[in-house]
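> Sharing a sequence plus its predicted fold:
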Amino acid sequence: MSAYDSRRYTRKRRRRKSKPKRFRREMKITAFVSFCFCLFVFGLLFYKIYCINQQDGTRYKKEALAQQIYTNSVLNYQRGDIKDRNNTTLAVSVRKYNLVLEPRTLLTNEKKRAETVKKIASFFGVGEEKIQERIAKKPKSMYEHIDELKELSASKVEIFKKETKKNKDIIGIWFEETYKRNYPQKTVGASIIGFTSSENKGTYGVEEQYNSVLNGTTGREYGYFDSNMNLQRTIKEAKDGNSVVLTIDANVQKIVEEEISHFQKESVGAKKIAVMLMNPKNGEILAMASDSTFDSNEPQDLSVMYTQQQISAMSNEEKNEKLLSMWSNYCVGEAYEPGSTFKPFTIAAALDENLVSEKSSFDCHGMTKVADREIHCNNRSGHGVLDLRHSLMESCNGALMIIGTKLGRESFHAYNKLYGFGQKTGIDLPGENSGMIHEKDMLNTVELATSSFGQTQTVTMVQMLSGFSSLINGGDYFQPHVVKEIQNSNGEVIETIDPVVVKKTTSEDTSAKIRSFLKSTVEDGTASPAKVKGYSIGGKTGTAEKRQVDGTASKKNYLVSFIGCVPAENPDVAFYVIIDEPRVKDQAHSTYATEFSSRIMKRILPFLGQYATK
């Protein structure tokens, strides 16, 4: 290599070595310039945003808020009323208001927040600290409640609303409409009506049975800010529930309950006492009550039935049992052995089968040998020879056992079913019991004998009164019911509950004979204490030996009863009284039931359009 070439090569190598250093310097310069440019651009952007915010920030904020949902709350419907047959209100939903706080709005202005909280606290009697605490806890919320500011009276809210219109410093609150169930008659008809939960769900009685009718449909309220920051609301109205008109007469119901209370507190008293009245010509229930009751406004309050000392001594389990007993409707939910009030059914069946007639005679010796049993009549000495009418008038077990034998298991069982025993009546109330009758194959001689006069089978009051009504009205078995019609929220009738004839149980001729026998039983027979001066009463007494756990008769405890009708010749009212275990040493006397029945009927018949004759 020549000296020239060597020098040239050296210069190239030096140039190659120095190039990376220049490149790195150039890159650093470029990066710095780019950073400065970006910083400048971001600075311009931030400056532009600042200028926009200063000049048009409020407008953009409004536009953003206009796209946001402000509220989405439920509008409550008004549950329908429950009324008696005379339009006396038994249950009504009263309009109340819940105060709603808007923490987000209240926190926009400290002075106005303080004024608002002060006014709420002083007017409604709530501590300011509690309100401030709720606001601070949910600062972004637009829908907050405080328990003490719920279910406020409409009158009080209206006064406060007027104050808010005058005082512009009150902000961030509004009132939400709600309803509270109220029972003006308190305990009257409680077991028929029932009560409601806080969610408007019916519990027991008509409230439960007709829950879907009484309830309406909830509405919705949507709220948002428009571009001028004005609150705009969109409302889908709630639809109120329908009202229910009962067949019950509140005046009669109240009298019945008063008489039951009087019997328990100031008279003999009993383990259980119950009364039921029905129109036998259409199946309408006019009243039903027992000594178990409660205030529908305060269904958890045991003090209606028990002293504070008794309540304090109860365990939680005992309290729950007592509550369930209080709420249940004895007239439809409890089954028992009816005793001699069952005898008209056995006699009617035999008459319809042409097995007996008014001229038939029966010889009672006071005791009848049936298989390996000795079954006694209520008259242990025997009634002697009785015709059919006097067999019922004297309540002769011996005669009824003969009649039961004539019927035989096939016919007796068939008529049992025909009269509605062993099955539910279909009454429009929850909790109905079907009772228990002997299956046909189990109706042996002893069971047939005892069943013929109302022992060893169980029934309910609604079964007995419905079947009895068919015996005295010409044979039409009406489905019992407690609702007469349905009205809309404007009070217009939208449905009428027409009487339903389910079946024919007996002939007109047999029905006329039974009515005549029942009238004789009150006028000259065992039911004479049931007379009411100026009225024609027909009826039959019952004295049933109560069974022990092993199925044998207790020989000590009895359920006494009376089932009757007025006027006896063409009944407009059928009624039934049972007194379970009267608090006396010798319980086996139907007089307790007949005298009690007379006392009640004397008071209530005028309310039912039945007036005494001179």
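Arrived safely. Numbering: from 1, shown residues only.

> neighbours of Ala287, just the number please.
Counted by other CB atoms under 10 Å, the residues lying close to Ala287 total 28. From N, CA and C alone the C-beta is placed, and that goes for glycine too.

> Now the phi/psi pair for it, please.
Backbone torsions for Ala287, taken as degrees, to the nearest 10, come to phi -170, psi 150.

> Okay, it and Asp84: tell me how far apart.
Distance, Ala287 to Asp84, by CB to CB, to the nearest Å: 10 Å.

> Mind listing the shared neighbours of those two?
Common neighbours of Ala287 and Asp84, counting by CB atoms under 8 Å, 6 or more residues apart in numbering, are Ile248, Asp249, Gln253.

> Test my guess that the second one contacts Asp84.
Yes - under the criterion of CB atoms under 8 Å, Asp249 is in contact with Asp84, at a separation of 6.0 Å.

> picking up where we left off before, now, of the shared contacts of Ala287 and Asp84, which are buried?
For the shared contacts of Ala287 and Asp84, a burial check counting by 16 or more other CB atoms under 10 Å picks out Ile248, Asp249, Gln253.

> that's a helix at the first one, yeah?
Meaning Ile248. No - the assignment for Ile248 (DSSP: H, G, I helix; E, B strand; the rest coil) gives coil, which keeps it out of a helix.

> If you drop the residues flanking it in sequence, what lies closest to it?
Asp84 (5.1 Å; CB to CB, 6 or more residues apart in numbering).

> any idea how far that neighbour is from Thr445?
Noted for Asp84: a distance of 49 Å to Thr445, by CB to CB.

> Which one's more surrounded, these two?
For Asp84 versus Thr445, the count of surrounding residues by other CB under 10 Å is larger for Asp84: 25 against 15.

> Next up, phi/psi of the more buried one, please.
Main-chain dihedrals, Asp84, degrees, to the nearest 10: phi -90, psi -180.

> Let me see the ranges of the helices in the stretch 51-200 of the chain.
Using DSSP state H, counting those that start in this stretch, the helices of the stretch 51-200 of the chain run over residues 103-106, 110-124, 128-137, 154-166, 190-193.

> Pull the distance from the first one to the chain's centre.
Centre-to-centre, helix 103-106 and its host chain are 41 Å apart (CA atoms, centre = their mean, to the nearest Å).

> ok, and what's touching it?
Under the criterion CB under 8 Å, 6+ apart, residues 112-113, 116-117, 134-136, 138-142, 144, 171-173 lie in contact with helix 103-106.

> same thing but 7 Å
Applying CB atoms under 7 Å, 6 or more residues apart in numbering, the set of residues contacting helix 103-106 from outside is Arg113, Thr116, Ile135, Lys138, Pro139, Lys140, Ser141, Met142, Glu144, Ile171, Gly172.

> same thing with the second one?
With contacts defined as CB under 7 Å, 6+ apart, helix 110-124 is touched by 106-107, 126-128, 131-132, 149, 152, 160, 163, 167, 169-173.

> swap in the last one?
Helix 190-193 is contacted from outside by 82, 90-91, 183, 205-207, 248, 288-290, 293-296, 329, 482, using CB under 7 Å, 6+ apart.

> Which ones among these map onto strands?
In this view, the contacts of helix 190-193 that belong to strands under DSSP state E are Ile82, Leu90, Ala91, Met288, Ala289, Ser290.

> Out of those, which comes closest to Thr543?
Closest approach to Thr543 among the ones in strands among the contacts of helix 190-193 (CB to CB): Ser290, at 19.6 Å.

> Distance-wise, check the closest one relative to Arg599.
Distance of Ser290 to Arg599, given as CB to CB: 17 Å.

> Mind checking which of these two has more residues around it?
Ser290 (23 against 16).

> For the more buried one, list the residues it contacts.
Residues near Ser290 by CB under 7 Å, 6+ apart: Ser191, Lys272, Ile273, Ala274, Tyr330, Cys331.

> give me the element the third one is part of.
It stands for Ile273. If you go by DSSP states H and E, Ile273 is part of strand 270-278.

> Show me what that strand pairs with in its sheet, parallel or antiparallel.
Using DSSP bridges, the strands paired with strand 270-278 are strand 285-290 (antiparallel), strand 573-582 (antiparallel).

> Can you report how many residues neighbour Asp169?
Using other CB under 10 Å, Asp169 is surrounded by 14 other residues.

> How about it, nearest residue that isn't a chain neighbour?
Sequence neighbours aside, Glu115 is the residue nearest to Asp169 in space, at 4.0 Å (criterion: CB to CB, 6+ apart).

> and that neighbour, how far is that from Lys138?
Counting by CB to CB, the gap from Glu115 to Lys138 is 20 Å.

> same thing with Arg85?
Distance of Arg85 to Lys138, given as CB to CB: 50 Å.

> of those two, who's got more company?
Set Arg85 next to Lys138 and count neighbours by other CB under 10 Å: Arg85 wins out with 17 against 14.

> got the phi/psi numbers for that one?
phi -60, psi -20.

> just checking, it touches Ala250?
No - counting by CB atoms under 7 Å, Arg85 does not reach Ala250; the two are 8.2 Å apart.

> if we can go back for a sec, hmm, which of the contacts of helix 110-124 are the buried ones?
The neighbour count (16+ other CB under 10 Å) marks Leu106, Val126, Ile131, Gln132, Leu149, Leu152, Phe160, Ile170, Ile171, Gly172, Ile173 as buried among the contacts of helix 110-124.

> Now render those residues as a markdown table, adding pLDDT.
As requested, the buried ones among the contacts of helix 110-124 are exported to a markdown table (pLDDT from 0 to 100):
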| residue | pLDDT |
| --- | --- |
| Leu106 | 90 |
| Val126 | 89 |
| Ile131 | 90 |
| Gln132 | 91 |
| Leu149 | 91 |
| Leu152 | 91 |
| Phe160 | 91 |
| Ile170 | 89 |
| Ile171 | 89 |
| Gly172 | 88 |
| Ile173 | 88 |
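
> Mind putting those residues into a markdown table with distance to Ser267?
Below are the buried ones among the contacts of helix 110-124 laid out as a markdown table (distance: CB to CB, whole Å):
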| residue | distance to Ser267 |
| --- | --- |
| Leu106 | 63 |
| Val126 | 50 |
| Ile131 | 56 |
| Gln132 | 60 |
| Leu149 | 49 |
| Leu152 | 46 |
| Phe160 | 52 |
| Ile170 | 61 |
| Ile171 | 64 |
| Gly172 | 62 |
| Ile173 | 57 |
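
> Quick one: mean pLDDT over the host helix or strand of Arg515.
Assigning secondary structure by DSSP H and E places Arg515 in helix 508-524. Mean pLDDT, computed over helix 508-524, is 97.

> for it, packing partners?
Judged by 3 or more CB pairs under 7 Å, 6 or more residues apart in numbering; DSSP states H and E, helix 508-524 is in contact with helix 343-352, helix 388-393, helix 461-472, strand 538-547.

> and those, which is most packed in?
Across these, the average number of neighbours (mean count of other CB atoms under 10 Å) peaks for helix 461-472, which reaches a mean of 27.

> between it and helix 508-524, what angle do the directions make?
On the basis of axes from the mean of the first three to the mean of the last three CA atoms, to 10 degrees, helix 461-472 is oriented at 110 degrees to helix 508-524.

> just checking, what packs against helix 461-472?
So helix 461-472, by 3+ CB pairs under 7 Å, 6+ apart, packs with strand 270-278, helix 330-333, helix 343-352, strand 476-478, helix 508-524, strand 553-566, strand 573-582.

> try 6 Å
Secondary-structure packing of helix 461-472 (3 or more CB pairs under 6 Å, 6 or more residues apart in numbering; DSSP states H and E): strand 270-278, helix 330-333, strand 573-582.

> now it and strand 538-547, what's the angle there?
Using the same axes, to 10 degrees: helix 461-472 against strand 538-547 is 140 degrees.
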